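In: Predicted structure and sequence below. I'll ask about it afterward.
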Amino acid sequence: MIYTVTFNPSIDYVINVEDFRSGTVNRVVSEEKYPGGKGINVSRVLNNLGVKNKALGFIAGFTGKFIKDSLQSEGVDTDFIELSGDTRINVKLKSNEETEINGAGPDINEKNLNKLFEKIEILNSDDYLVLAGNVQKSLPTNIYSLIQQKCISRKVKVVVDTTGEALTSTLKYNPFLIKPNNHELSEIFNVEITNREEIIHYAQRLREMGAQNVIISMAGEGALLICNEGVYHATAPKGTVKNSVGAGDSLIAGFLAKYSQTLNIIEAFKWGAASGSATAFSMDLCKKEYVEELLSQINVTKI
């Protein structure tokens, strides 16, 4: 079973405004509301690909109920812990340019956290656990590492998708997969990366630091996989980018959907690349039919 954890979910309120102007009244042309958060995105895409999974994490108030009800209406299994307060709302304003306003989210106390630990402590070596996104300031920055420690003895395959110290602190516990993009890779090592050879060099350093598998997403340049079998490049298919939200989460979901079924890491990488692109070319998260359509356009080669 694949489990996802989202510490700070959101309602993503996407509004389209023609020629937005600050300091005056603007009329919304169209609007959509989606359950948001990186782990939740992974769960939704897995569900779209027909792979059973369960979304864990924290929700609160009427906004949290919207997220739970929306996911369940799509067929996603959930087992959230309820907090006091309200789950945040993130506003995505699309006009001449794209602007985001993200809420803070409710605090998580030690009692709440222990409830999550109890759910995680039943996982075993057949399970995958996706830890994705940033966490609230009320939590320790190494919270993902604390969760990993609880998974080591049962050999749970942990996937980590976050940035900075929250990511690097997990490497000593040998996460099954990490997925920084090329810009996040530069930030991790505090260097300017200008070409593919440098990306590969620093991605290999992440493996030396403990990550079992590393995928580096590079937008229109495709993606790189660095693993025991070697270094592989997946091309990016042609299409018009309509959505910048959730492409990386979709890559992880596509990878896990295929890997959990076949244990073929190269085929899983191809599915991940197709899923990430399918979301980028869609208004919402990708559907299975579109992912399968893009597979033929993606070439995976060993470098």
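Out: Sure thing, it's come through. Numbers count the residues shown, from 1 in each chain.

In: Whichever strand or helix holds Lys65: which residues count as buried?
Out: Using DSSP states H and E, Lys65 maps to helix 61-74. By 16 or more other CB atoms under 10 Å, the buried positions in helix 61-74 come out as 63-64, 66-68, 70-71. For glycine as for every other residue, the C-beta is placed from the backbone atoms N, C-alpha and C.

In: now swap in stretch 103-113 and tell me
Out: Neighbour counts over stretch 103-113 (16+ other CB under 10 Å) mark 103, 105-106, 108, 112-113 as buried.

In: how many neighbours does Lys287 have?
Out: For Lys287, the count of nearby residues is 16 (other CB atoms under 10 Å).

In: Distance-wise, check it relative to Val45.
Out: Relative to Val45, Lys287 is positioned 9 Å away (CB to CB, to the nearest Å).

In: which residues are common contacts for these two?
Out: Common neighbours of Lys287 and Val45 (criterion: CB atoms under 8 Å, 6 or more residues apart in numbering): none identified.

In: Show me the beta-bridge partners of Leu83.
Out: According to DSSP bridges, the residues that bridge with Leu83 are Ala60.

In: Tell me how many other residues crowd it.
Out: If you count neighbours by other CB under 10 Å, Leu83 ends up with 18.

In: what sits against it?
Out: Shown in contact with Leu83 (CB under 8 Å, 6+ apart): 58-60, 64, 106-108, 112.

In: For it, give me the pLDDT.
Out: pLDDT, Leu83: 96.

In: quick one: it and Val135, what's the gap?
Out: Counting by CB to CB, the gap from Leu83 to Val135 is 13 Å.

In: Then Val91?
Out: The gap separating Val91 from Val135 is 21 Å, by CB to CB.

In: who's more crowded, the two?
Out: Set side by side, Val91 and Val135 show more neighbours around Val135, with 20 against 15, by other CB under 10 Å.

In: from what I can see that one touches Asn8, true?
Out: Yes - here Val135 reaches Asn8: they are 6.3 Å apart, a contact under CB atoms under 8 Å.

In: re earlier: closest one of the buried residues of stretch 103-113 to Ser244?
Out: Proximity of these to Ser244 was ranked by CB to CB; the top entry is Gly103 with 18.7 Å.

In: And the helices in the protein, which stretches?
Out: Using DSSP state H, the helices of the chain run over residues 38-48, 61-74, 110-120, 143-151, 164-168, 182-189, 196-208, 247-262, 265-280, 288-295.

In: Please produce CSV containing those, extended by distance to Val29 and mean pLDDT.
Out: What follows is these, written out as CSV (distance: least, CB to CB, whole Å; pLDDT from 0 to 100):
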stretch, distance to Val29, mean pLDDT
helix 38-48, 25, 97
helix 61-74, 22, 97
helix 110-120, 39, 95
helix 143-151, 39, 93
helix 164-168, 37, 87
helix 182-189, 31, 90
helix 196-208, 39, 94
helix 247-262, 24, 96
helix 265-280, 22, 96
helix 288-295, 25, 96
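
In: For Tyr128, which of those helices is the nearest?
Out: Closest to Tyr128 of the helices of the chain, according to CB to CB: helix 247-262, at 5.9 Å.

In: Figure out how far stretch 121-141 is from the centre of its chain.
Out: 12 Å (CA atoms, centre = their mean, to the nearest Å).

In: Send over it as CSV, restricted to the C-alpha atoms.
Out: Taking Å, rounded to 0.1, in the frame of the first residue of the first chain, the C-alpha atoms of stretch 121-141 are listed here in CSV:
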residue,chain,number,x,y,z
GLU,A,121,4.0,2.5,13.1
ILE,A,122,1.7,-0.2,11.6
LEU,A,123,3.4,0.1,8.1
ASN,A,124,5.7,-2.7,6.9
SER,A,125,8.2,-3.5,4.1
ASP,A,126,5.4,-3.9,1.6
ASP,A,127,4.4,-0.2,2.1
TYR,A,128,5.6,3.1,0.6
LEU,A,129,5.3,6.3,2.6
VAL,A,130,5.4,9.7,0.8
LEU,A,131,6.4,12.7,2.9
ALA,A,132,5.8,15.7,0.8
GLY,A,133,5.8,19.5,1.2
ASN,A,134,6.7,22.1,3.8
VAL,A,135,5.5,21.8,7.4
GLN,A,136,4.1,24.3,9.9
LYS,A,137,6.5,26.4,12.0
SER,A,138,5.0,24.7,15.1
LEU,A,139,6.8,21.5,14.1
PRO,A,140,10.5,20.7,14.3
THR,A,141,12.4,21.1,11.0
